[in-house]
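S.K.: coords please:
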Amino acid sequence: MASPGCKAGCLFTAGRAQFTPDIIKGRIRKTRYLYNDRARFVAQLHKNIQKLVKRAAKLGLIPAVRINGTSDLPQLALQLATDYPDVQFYDYTKIPRPYDRIRANYHLTFSLSENNLPAALDALAHGIDVAVVFNVKRGHDLPAHWQGYTVIDGDMHDLRFLDKIPQGSASPVIVGLRAKGKAKKDSFGFVQIAQIGAL
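M.R.: Reported below is the predicted structural model:
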């Protein structure tokens with residue numbers, strides 16, 4: 001579901017991946033592993049989650065897992081959420097109707113592109129938060145509202161399930177993100193123009 005603007009300014013090349021080519025190589029290696037030997041890949045995921053659960057218990061923390069960092073594979077995340085009901089799973093998605101896939105321990109945030117505004121508004125109407133990238137520089141304020149919904153600063157942390165608990169219990173919010181990396185030069189309309197003070 002990635003749009004041309006999303007692909008051009010993708011998170012895949014932002015952050016540390018801009019400066020550390022081994023991160024991108026690692027992502028490619030993991031993707032090949034998934035598609036070449038899915039059973040073994042999923043077995044390794046189970047081991048990793050089980051280790052996380054034990055470590056979190058020792059530290060008195062709630063284990064949280066984001067399966068789809070730069071992918072959008074809902075079936076895999078849903079299966080793992082079913083297998084580990086005491087683990088908090090969360091993802092961003094561009095697949096329409098995310099409200100059909102949320103579970104008590106699987107939180108989804110819809111991600112706006114230049115070509116999916118109807119799906120984003122539908123998600124909001126069903127109580128799902130929507131991530132929106134704005135043309136705002138680091139250190140500057142995001143707009144207070146977008147499409148009539150309150151904007152929160154999504155750059156403060158990535159634990160979207162903490163934004164509103166339980167999901168859908170109050171008005172959804174816009175998870176405002178500042179354009180980073182290649183997205184700063186967006187020419188597709190993926191990055192929204194911040195209108196400070198506008199509703």
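
S.K.: per-residue pLDDT, Ser71?
M.R.: Listed pLDDT for Ser71 reads 88.

S.K.: List the residue ranges of the chain that fall below the pLDDT cut-off.
M.R.: Applying pLDDT under 70 to the chain flags the ranges 10-19, 164-170, 196-199.

S.K.: Report back the residue of it that's furthest from centre.
M.R.: Within the chain, Lys58 marks the point farthest from the mean C-alpha position, 27.4 Å out by CA atoms, centre = their mean.

S.K.: Now do the SS call for that residue.
M.R.: The three-state label given to Lys58 by DSSP: H, G, I helix; E, B strand; the rest coil is helix.

S.K.: how about it, what does it touch?
M.R.: Residues near Lys58 by CB atoms under 8 Å, 6 or more residues apart in numbering: none. Any C-beta I mention is one placed from the backbone N, CA and C, and that applies to glycine too.

S.K.: OK, contacts around the residue nearest in space to the middle of the chain?
M.R.: Most central in the chain under CA atoms, centre = their mean is Tyr92, positioned 2.6 Å from the mean C-alpha point. With contact taken as CB under 8 Å, 6+ apart, Tyr92 is in contact with Asn68, Asp72, Leu108, Thr109, Phe110, Ser111, Ala131, Arg160.

S.K.: With adjacent residues omitted, what lies nearest to the last one?
M.R.: Read that as Arg160. Leaving aside its sequence neighbours, Arg160 sits nearest to Thr109 (CB to CB, 6 or more residues apart in numbering; 4.7 Å).

S.K.: now do the second one
M.R.: The spatial neighbour of Asp72 that comes closest, neighbours along the chain excluded (CB to CB, 6+ apart), is Thr93 at 5.5 Å.

S.K.: what do you get for the third one?
M.R.: Excluding its sequence neighbours, the residue lying closest to Leu108 (CB to CB, 6+ apart) is Pro98, at 4.2 Å.

S.K.: ok, how many other residues are close to that neighbour?
M.R.: 24 (other CB atoms under 10 Å).

S.K.: How about the one 10 residues further on?
M.R.: Leu108 sits with 26 neighbouring residues when counted by other CB under 10 Å.

S.K.: before we move on, which element is it in?
M.R.: Following DSSP states H and E, one finds Leu108 within strand 106-111.

S.K.: how far off strand 106-111 does the helix or strand following that strand point, in degrees?
M.R.: Proceeding N to C from strand 106-111, the next assigned helix or strand is helix 117-125, under DSSP H and E. Here the directions of helix 117-125 and strand 106-111 differ by 140 degrees (axes from the mean of the first three to the mean of the last three CA atoms, to 10 degrees).
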